[in-house]
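> this one's sequence-less:
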């Protein structure tokens, strides 16, 4: 609605809330998004590390299988 050019007062009136409530929700939502972005970056970094660990272990397993079969 705000994208359509309506004011905060008009949007608040439409949803039967006060402008204060609108701004409180907006500030709460904005901080949650910032926290979510930070957590996402942390999870992506952890995921990268875990992928490297899995790749290393897969190479170790392949090497040990090759040794066990006498291929090396």
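That came in fine, so what should we check first? Given the structure is predicted, the values throughout are model-derived calculations rather than measurements.
> Low-confidence bits of this protein, can you list those?
Under the criterion pLDDT under 70, the flagged ranges of the chain are 1-3, 30-31, 72.
> by contact count, what packs against the helix or strand containing residue 39?
Assigned by DSSP states H and E, residue 39 belongs to helix 19-69. Packing partners of helix 19-69 (3 or more Cβ pairs under 8 Å, 6 or more residues apart in numbering; DSSP states H and E): helix 8-14. C-beta coordinates here come from the backbone N, C-alpha and C atoms, glycine included.
> Show me what counts as buried in the helix it packs on.
residue 12 (16 or more other Cβ atoms under 10 Å).
> From the chain's centroid, how far away is the helix holding residue 39?
A distance of 8 Å separates the C-alpha centroid of helix 19-69 from that of its chain, computed with Cα atoms, centre = their mean, to the nearest Å.
> do stretch 17-31 as well
That offset, for stretch 17-31, works out to 22 Å (Cα atoms, centre = their mean).
> buried set for it?
For stretch 17-31, by 16+ other Cβ under 10 Å, it's residue 22.
> Adjust the sequence numbering to begin at 23 for everything that follows.
Will do, 23 is the new start, and the previous item becomes stretch 39-53.
> which residues are contacting it?
30-31, 33-34, 37 (Cβ atoms under 8 Å, 6 or more residues apart in numbering).
> change it to 10 Å
Residues outside stretch 39-53 that contact it (Cβ atoms under 10 Å, 6 or more residues apart in numbering): 24, 29-31, 33-35, 37.
> I'd like these written out as CSV, with distance to residue 89 added.
Formatted as CSV, the contacts of stretch 39-53 follow (distance: Cβ to Cβ, whole Å):
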residue, distance to residue 89
24, 65
29, 73
30, 70
31, 75
33, 69
34, 71
35, 75
37, 68
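> Can you tell me which of those residues is nearest residue 83?
residue 24 (55.4 Å; Cβ to Cβ).
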